[in-house]
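Engineer: Curious how this folds, go ahead:
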Amino acid sequence: MLGDVSVKAAHMLSLPEVYDFFTRLIQRVSPKSYQQALGEVCVTRKFLENFCGDQVRFLARSFAIPGNHLGQQSHGFRWPYGPVAIITPFPFNFPLEIPVLQLMGALYMGNKPVLKVDSKVCIVMEQMLRLLHDCGLPVEDVDFINSDGKTMNKLLLEGNPRMTLFTGSSRVADKLAVDLKGRIKLEDAGFDWKILGPDVEQVDYVAWVCDQDAYACSGQKCSAQSMLFMHEHVSILFSILIELV
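Structural biologist: Take a look at the predicted model:
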């Protein structure tokens, strides 16, 4: 069933009027160019295309490993967690791609997720859920909540999900890891390095990318570049470039 939903949703996101709608909706909540926002829609469509038809059931593929003796085997099976939570408060620069990929992954494996997206960008995912419902996703399969962090934390403590996926700050991640007694998967922020070796070419382009990663809202990474390490050879090239400018 979810394979069929993926087929229809991927087709919908390939229609000009639909991908233009989501592209411009992303632009309303995140300061991206049209091409940057469109790229996010295209990545989401490609993900859905990857899980059309029988690809969903292959996620639950089991395995068997032979033992030391004839007839001895070790079998492994994958089972859904059941009730799970997905918290994506930090994808200000990816309000569609990150929640969709995480949500559909939970659904494909048969879990019942409750989804919380940051209130500043949640309208994008709210519209995507409506599209998924129109493509055949049962409305009772996903709970979608708009709330502040304290309310969501209370829901997690009382609801006691079997697993929580959190994308956001390391400070909140540390708190949730304790509150949920380790039943959590983290995609948190950190101290992000970039290292330029001695063989850097296209110095002006490298400088532009570093500037985007460090300061632009819609940089190339979810987290801002924190520190740049540069080989002295590259440092000389940058000095020459500045003098030319």
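Engineer: Distance check, the residue of the chain most remote from its centre against residue 51.
Structural biologist: In the chain, the residue that sits farthest from the middle, by CA atoms, centre = their mean, is residue 70; the gap is 44.7 Å. From residue 70 across to residue 51, the span is 39 Å (CB to CB, to the nearest Å). (Glycine included, C-beta is placed from N, CA and C.)
Engineer: Give me the secondary structure label for residue 131.
Structural biologist: When classified by DSSP: H, G, I helix; E, B strand; the rest coil, residue 131 comes out as helix.
Engineer: my bad, should have said residue 110
Structural biologist: coil.
Engineer: Report pLDDT for the spatially closest residue to it that is not a sequence neighbour.
Structural biologist: Leaving aside its chain neighbours, residue 110 sits nearest to residue 80 (3.7 Å; criterion: CB to CB, 6 or more residues apart in numbering). You'll see residue 80 listed with a pLDDT of 94.
Engineer: Quick check: mean pLDDT of the helix or strand hosting residue 226?
Structural biologist: Using DSSP states H and E, residue 226 sits in strand 225-230. The average pLDDT for strand 225-230 rounds to 82.
Engineer: quick one: buried residues of it?
Structural biologist: Residues of strand 225-230 classed as buried: 225, 230 (neighbour count, 16 or more other CB atoms under 10 Å).
Engineer: all helices for the chain, in order.
Structural biologist: Along the chain, counting by DSSP state H, helices occupy 2-13, 16-29, 34-50, 55-58, 97-108, 122-134, 149-159, 170-179, 203-215, 232-244.
Engineer: now residue 75: how far from residue 96?
Structural biologist: Counting by CB to CB - residue 75 and residue 96 are separated by 38 Å.
Engineer: Please identify which of the two sits among more neighbours.
Structural biologist: Per other CB atoms under 10 Å, whichever of residue 75 and residue 96 has more neighbours is residue 96, with 26 against 8.
Engineer: The more buried one contacts residue 45, doesn't it?
Structural biologist: No: assessed by CB atoms under 8 Å, residue 96 is found out of contact with residue 45, at 10.2 Å.
Engineer: Identify the residue nearest the geometric centre of the chain.
Structural biologist: Centre-nearest of the chain using CA atoms, centre = their mean is residue 98, 2.4 Å out.
Engineer: and the gap between that one and residue 41?
Structural biologist: For residue 98, the distance to residue 41 - CB to CB - is 13 Å.
Engineer: before we move on, the earlier item: for the strand holding residue 226, name the packing helices and strands.
Structural biologist: strand 192-196, helix 203-215 (3 or more CB pairs under 8 Å, 6 or more residues apart in numbering; DSSP states H and E).
Engineer: No further queries at this time; thank you.
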